[in-house]
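Requesting a structural model of the entry that follows:
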Amino acid sequence: MVVLFHATQSLHRDFGSEALPSFVQGARGVDVFFVISGFIIVYVSRNAAYDGWTFLARRFARVAPPYYLASSVMLVVALFIPQVLQSTTLTWPHTIASFLFIPWDNPETASAFPLLQIGWTLNAEMQFYAIFAAVFFLPSVLRAMAASCVIFALVHVGFLANPENQTLAAWTNPIIIEFIFGMAIALLWEKRLCRGGTALGWSIFAVGMTLILSLPITIDGLDNAIAFLLAGVPAAMIVYGLLVVERASTIRDIPWLGLLGDASYALYIWHFFVLGAVRVFWKYTNFDGVVNDIMFISAVLIAAIITSIFAYLWLERPLVSFAARHLAGRRKLSVAPVACRFEKDGSIVPASIGVFDASPKHPY
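Numbers count the residues shown, from 1 in each chain. Below is the predicted model of the structure:
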C-alpha cells in the first residue's frame, strides 16, 4: 500500500501525469503497521523471562541496523550527489537526531521527517518501545494497560498544548493510539476471545479493507487531530478479522508469501531508493497516458519487491544477527528477524524459512 502510494504520488508530482488518481489511501498501510506492532509487542513478551532493558535491546537489534544502513546510504547521497534528491537538505542536528530516532524539524519539509523520510514511523515505533520498556516490570495485562495510559496521556497533552515544536508534536501525535488498538487485540487473543468462526473473521477483514481503501483522508468539520480514526479503526478490524480466521481454521503455509512477509521491512525502508532509480530511468521512456502510469507503477512495485528480498536475505538478516549477538550476548538476545506462525493454542512456531539463531522460548 505504501509503495503504491509513493509511486502514484511520484507520477503526479514528478511527471505531471493525471491519467490515474493518486492512491492516497495507500498511506494507511502505516496504520495497519502500527496496529500489528501493538499486537506483536504484547504477544511475544507476555511470558518474557527478561527485563525492560533486554526488551529494548531486542527491539533495537531488530529495527535499527537495517534502518541505519539505509539512512547512511541516504546521507552519502545527500553529501555527494544531492542533485538527485528532491526534498533533502542536510543539517547536522537533524542528521544526528535521525540516527537517534528523535523527531526533529526537517529543514526542507517543515515536518518531523528524519533524513530517510519514511523513518518517521520508526521514530514512533521507538517511542512505543521505550514506553513499553518503562512499564515492563508489570505483569503482561497491566503492562499493556499502563503503556496505554501513558500513550493516552501524551495525546491528551498534545490536544491541550497543541505544540508547534516538531519533536513534541510528533511525540503527542494521536496516531500513536493505534498501538493501543493492537495491544487491546493482543489481550483479547491471549484471553482466547478472538473467536467467531472463519466466516465472521473474513467478514470483519473485508469490512476493514473496504473502509480503509474508501474512507476519505479527512472529513470537513472533523478535527485533523482525530481524523486518524478513519484509518486506525479499519486497520484494527483488518488485524482482528485475520486473527479470528487464524484461530478458527488452519491457514496453509505458502512459502513465497512468507518470504514476502519476511522482506516487508526491507521493502518499506528501501523502496524510496528504488523509486528514485526508476524515476531517473523513466525519463527515457516513451509511454503515454494510462499505459505510462501502469507501466511506471508496475516497474516500481516489481523492482522494489525484488530489491527487498535481496536486501532482506543478504543485508538485513546478517546485520540483525550480528546486532543480536553483540548487544546483550548470544544466549540472552538471540532473535529471529522474521515472521513466526501463531498456533491455535497460543504458541509460536518459527516460520519454515529464514529463521536462524532463534531461542526456542522466544523465537520472535
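
Now for residue 116: which residues touch it?
Shown in contact with residue 116 (Cβ atoms under 8 Å, 6 or more residues apart in numbering): 67, 70, 71, 74, 98, 269, 272. In short, each C-beta sits where N, CA and C put it, glycine included.

just to confirm, which helix or strand has the second one in it?
Translated: residue 70. Secondary-structure assignment from DSSP states H and E places residue 70 in helix 52-80.

could you say what helices and strands that helix packs with?
Here helix 52-80 touches helix 92-99, helix 120-134, helix 264-282, helix 317-328, helix 330-333, going by 3 or more Cβ pairs under 8 Å, 6 or more residues apart in numbering; DSSP states H and E.

For PyMOL, write the select line for the buried members of the contacts of residue 116.
Typed into PyMOL, the next command selects the buried ones out of these (criterion: 16 or more other Cβ atoms under 10 Å):
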select buried, resi 67+70+71+74+98+269+272
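
Output the below-cut-off pLDDT ranges for the chain.
Along the chain, segments meeting pLDDT under 70 span 83-88, 220-225, 328-364.

ranges for the strands of it?
Defined through DSSP state E, the strands belonging to the chain, from first to last, are 340-342, 348-350.

where's the spatially closest residue to residue 32 that is not a sequence neighbour relative to residue 205, distance?
Using Cβ to Cβ, 6 or more residues apart in numbering and skipping residues adjacent in sequence, the residue nearest residue 32 is residue 235, 4.4 Å away. Counting by Cβ to Cβ, to the nearest Å, the gap between residue 235 and residue 205 amounts to 11 Å.

So for the two, which sits in the more crowded spot?
The neighbour comparison of residue 235 against residue 205 (other Cβ atoms under 10 Å) goes to residue 235, with 26 against 19.

what's near enough to touch the more buried one?
The neighbours of residue 235, taking Cβ under 8 Å, 6+ apart as the test, are 28, 31, 32, 34, 35, 178, 181, 208, 212.

what about the second one, how many neighbours?
Burial measure for residue 31: 25 neighbouring residues, criterion other Cβ under 10 Å.

from what I can see it touches residue 178, true?
Yes: with contact defined as Cβ atoms under 8 Å, residue 31 reaches residue 178; the gap is 5.7 Å.

shared neighbours, these two?
Here residue 31 and residue 178 share the contacting residues 228, 232, 235, scored by Cβ under 8 Å, 6+ apart.

Report the contact partners of the residue lying closest to the first one once chain neighbours are set aside.
When the adjacent residues along the chain are set aside, residue 228 lies closest to residue 175, with 4.8 Å between them (Cβ to Cβ, 6+ apart). Under the criterion of Cβ under 8 Å, 6+ apart, the contact list for residue 175 reads 31, 34, 124, 228, 232.

Good, we can wrap up now.
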